[in-house]
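> What follows is a predicted protein model with its sequence.
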2 protein chains.
Amino acid sequence: MEEVKTLNKETVATEFQIIQDEICKSLEELDGYAKFEEDHWERTGGGGGRTRIIQNGDLIEKGGVNFSAVHGDLPDVLLKEFGVDKATFFATGVSIVLHPESPLVPIIHMNIRYFDMEGGPKWFGGGIDLTPHYIDNDQARVFHQDLQEVCDRFDESYHPKFKKWADDYFYNPHRDETRGVGGIFFDRLDEKENVTLEDRYEFVKEVGRTFIPAYSKQVTKRNESYTGQQKQWQLLRRGRYVEFNLVYDRGTKFGLQTGGRIESILMSLPKLASWEYDFKTESGSAEQQTLDGLKKGIDWLSV
Amino acid sequence: MEEVKTLNKETVATEFQIIQDEICKSLEELDGYAKFEEDHWERTGGGGGRTRIIQNGDLIEKGGVNFSAVHGDLPDVLLKEFGVDKATFFATGVSIVLHPESPLVPIIHMNIRYFDMEGGPKWFGGGIDLTPHYIDNDQARVFHQDLQEVCDRFDESYHPKFKKWADDYFYNPHRDETRGVGGIFFDRLDEKENVTLEDRYEFVKEVGRTFIPAYSKQVTKRNESYTGQQKQWQLLRRGRYVEFNLVYDRGTKFGLQTGGRIESILMSLPKLASWEYDFKTESGSAEQQTLDGLKKGIDWLSV
């Protein structure tokens, strides 16, 4: 591991912007047609962000790669959570959601973030998870192998722990379905004995830089033809994605509660989604096989 | 007003089923093509319901008219709210959401409900609200006149109070938009001095029986041709409807938290909805005029 410079907020924010730049450049190359459009925005309480949206591409129908770095007085909901009356905070992160055009290519999400309360806790968080409209066991295995590989470079306990955390987090209880085949999730990595905050920082940077190589392996069916029935199934699965993001996703809820920039937060929603009353899959169909895979605790490394 | 028989749970549930029957029959006539399909369901903890769905009609693309009557141990979230350790409850209601095929016809919602905690509070609640994709001031005025008329038959203080309640309730704070042009909403009408629970019951029955005549006046543009752009705007407005229902609607949240029948709860979601990043309406357009009308406190009786 390279030598780490002293960790400070500006360093992290700058590095996250570099990661955003790298990912956007690579995604444009991968898409081959659409280009990102960028909106700079400022937050009333302090800070702002660079929202980048790619639409109507050859690969990506709608996607966002957002960077933000905000600071100011800690919002009331967090004051309550931390049991303090007043505090200032700094938070920076990169968030990605990509909805592909083809139902044969999965939706992907990635987030890395740093939170720093003045005189209080500081931590890194993040995760990557994959939501195939049609689960392909080989591709799911490769995805989890890629995540295991980056985790193992830091600590062999990371992957099993963060994989389970993703299973538990990316879950729609009212459907009793995981959002997809999971991935890794780590909500709050503080420093602790033998693990410095700098170590955490190295880890989330590597997670960020795993995104492009991992996603690139998931888009191999982008040019395969698909049926109208498969497209309709994609829209239904996107409906479930909307349900998760609006009902449960903490980042979305936090953003809505604290007056974040709505268009940046809700870039995660797809261009088109569908709900059909009591839709039933046919026994033995690819759709049913996918539903069977939307369960916690599947060892995707061994499928 | 007719003489009221002694109010009991079975009487209310039976009457609500009759109202569901009347509404479904009238909606089939109004649609002229599609028929309701019915699912009977039972709740593990006690009771059940009749979910009726109409789809792909001449007027209605997707709609539901649900009846339920459930009972059992009060769910934990409500025990907490009422500050009791253990209680049994009975709740019955009729809930309607209709998504029309045409963007020139509004979405409509109606709900009437009765809640009865054993040895505790008993109340009626409900409301009707209208969500035009394109606001037509004349039609909005007629809608509010119809609601005012039924309210005034009971108490002239009802309409202004319940109209404001609807403005406050059917509101997406993160968009700073009301869901539509509002209507009436009353979350909890207990008995009080000079108003018996039977009086409340008479009122909600009348609200239920106002639904069909009021909605019938709102579908006059059903056969007018519309453009692809108008259809796209409809899908975006439906996206906002999804946001309200999944993020804020209390009935939906309560249902998801307490393990209600998901397909009955989420029948309110449209067949197709759309999200576009940072969509901007053109100044002076019909779409912009509609956004200008999605505000609290507009006196629709005088537009």
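Structure's in. What do you need?
> Can you give the contact residues for stretch A:150-167?
Contacts to stretch A:150-167, defined as Cβ atoms under 8 Å, 6 or more residues apart in numbering or on different chains, come from residues A:127, A:129, A:144, A:147-148, A:178, A:182-187, A:195, A:199, A:202-203, A:206-207, A:210, A:296-297. All C-beta atoms are positioned from the backbone trio N, CA, C, and that covers glycine.
> What's the mean pLDDT across the longest helix seen in chain A?
Of all the segments assigned as helix in chain A under DSSP state H, the longest by residue count is helix A:9-31. Averaging pLDDT along helix A:9-31 yields 97.
> which other residues reach the helix or strand of chain A with the lowest mean pLDDT?
Across the helices and strands of chain A, the lowest-confidence element by mean pLDDT, DSSP states H and E is helix A:76-82, at a mean of 85. With contacts defined as Cβ under 8 Å, 6+ apart, helix A:76-82 is touched by A:Leu74, A:Asp85, A:Lys86, A:Ala87, A:Phe89, A:Met117, A:Gly120, A:Pro121, A:Phe254, A:Gln257, A:Thr258.
> residues in contact with the last one?
Applying Cβ under 8 Å, 6+ apart, we find A:Thr258 in contact with A:Pro75, A:Val77.
> Could you check how far it is from chain B?
10 Å (Cβ to the nearest Cβ, to the nearest Å).
> Name the residues of stretch A:131-138 that are buried.
Neighbour counts using 16 or more other Cβ atoms under 10 Å in any protein chain shown place A:Thr131, A:Pro132, A:His133, A:Tyr134, A:Ile135, A:Asp136 of stretch A:131-138 among the buried residues.
> ok, the first one - contacts?
Yep, that's A:Thr131 we're talking about. A:Pro106, A:Ile107, A:Ile108, A:His109, A:Arg179, A:Gly180, A:Val181, A:Arg237, A:Tyr241.
> Return the residues of the stretch 201-303 of chain A in contact with chain B.
Residues of the stretch 201-303 of chain A lying near chain B by Cβ under 8 Å from any Cβ of the partner chain: A:235, A:239, A:242-243, A:246-247, A:256, A:262-263, A:266-267, A:269-278.
> Show me what the strand or helix carrying A:His71 is packed up against.
Counting by DSSP states H and E, the element that carries A:His71 is strand A:60-73. In terms of contacts (3 or more Cβ pairs under 8 Å, 6 or more residues apart in numbering or on different chains; DSSP states H and E), strand A:60-73 is packed against helix A:9-31, strand A:47-55, strand A:88-100, helix A:262-265.
> Can you add mean neighbour count and give the ones you listed back as a markdown table?
Listed next are the helices and strands packed on strand A:60-73 as a markdown table, based on neighbours: other Cβ atoms under 10 Å in any protein chain shown:
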| stretch | mean neighbour count |
| --- | --- |
| helix A:9-31 | 17 |
| strand A:47-55 | 21 |
| strand A:88-100 | 23 |
| helix A:262-265 | 20 |
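> closest to B:Lys62 out of those?
strand A:88-100 (22.3 Å; Cβ to Cβ).
> what comes up buried for stretch A:173-190?
In terms of neighbour count (16+ other Cβ under 10 Å), stretch A:173-190 has its buried residues at A:174-175, A:177-186, A:189.
> re earlier: ok, is the longest helix of chain A in contact with chain B or not?
No: if you take Cβ under 8 Å from any Cβ as the test, helix A:9-31 misses chain B, and the best it gets is 14.9 Å.
> Run through the neighbouring helices and strands of that helix.
Short answer (3+ Cβ pairs under 8 Å, 6+ apart): helix A:9-31 packs on strand A:47-55, strand A:60-73, strand A:88-100, strand A:107-117, helix A:197-216.
> can you list these in a markdown table and add mean pLDDT?
Shown next, in a markdown table, are these (pLDDT from 0 to 100):
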| stretch | mean pLDDT |
| --- | --- |
| strand A:47-55 | 97 |
| strand A:60-73 | 96 |
| strand A:88-100 | 96 |
| strand A:107-117 | 97 |
| helix A:197-216 | 97 |
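> and the ones you listed as TSV, adding distance to A:Val12?
Listed next are the helices and strands packed on helix A:9-31 as TSV, based on distance: least, Cβ to Cβ, whole Å:
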stretch	distance to A:Val12
strand A:47-55	13
strand A:60-73	8
strand A:88-100	6
strand A:107-117	5
helix A:197-216	7
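> quick one: which of the ones you listed is nearest A:Leu7?
Comparing those against A:Leu7 with Cβ to Cβ, the closest turns out to be helix A:197-216 (5.3 Å).
> How far away from the center of its chain is stretch A:18-36?
16 Å (Cα atoms, centre = their mean, to the nearest Å).
> do the same with stretch A:113-129
On Cα atoms, centre = their mean, the centre of stretch A:113-129 falls 15 Å from the chain's centre.
> Closest one of the contacts of helix A:76-82 to B:Ala140?
A:Gln257 (31.0 Å).
> ok, the closest one - how many residues close by?
By other Cβ atoms under 10 Å in any protein chain shown, 14 other residues sit near A:Gln257.
> ok, of the residues of the stretch 201-303 of chain A next to chain B, which come out buried?
A:235, A:239, A:242-243, A:246-247, A:256, A:262-263, A:266-267, A:269-277.
> Could you list which of those residues belong to helices?
Taking DSSP H, the ones among those that sit in helices are A:Leu235, A:Gly239, A:Val242, A:Glu243, A:Leu246, A:Val247, A:Leu256, A:Ile262, A:Glu263.
> Out of the contacts of helix A:76-82, which is nearest to A:Ser285?
When the contacts of helix A:76-82 are compared for distance to A:Ser285 (Cβ to Cβ), A:Phe254 wins out at 37.7 Å.
> give me the number of residues near the closest one?
By other Cβ under 10 Å, 15 other residues sit near A:Phe254.
> Work out for me the element it sits within.
helix A:250-257.
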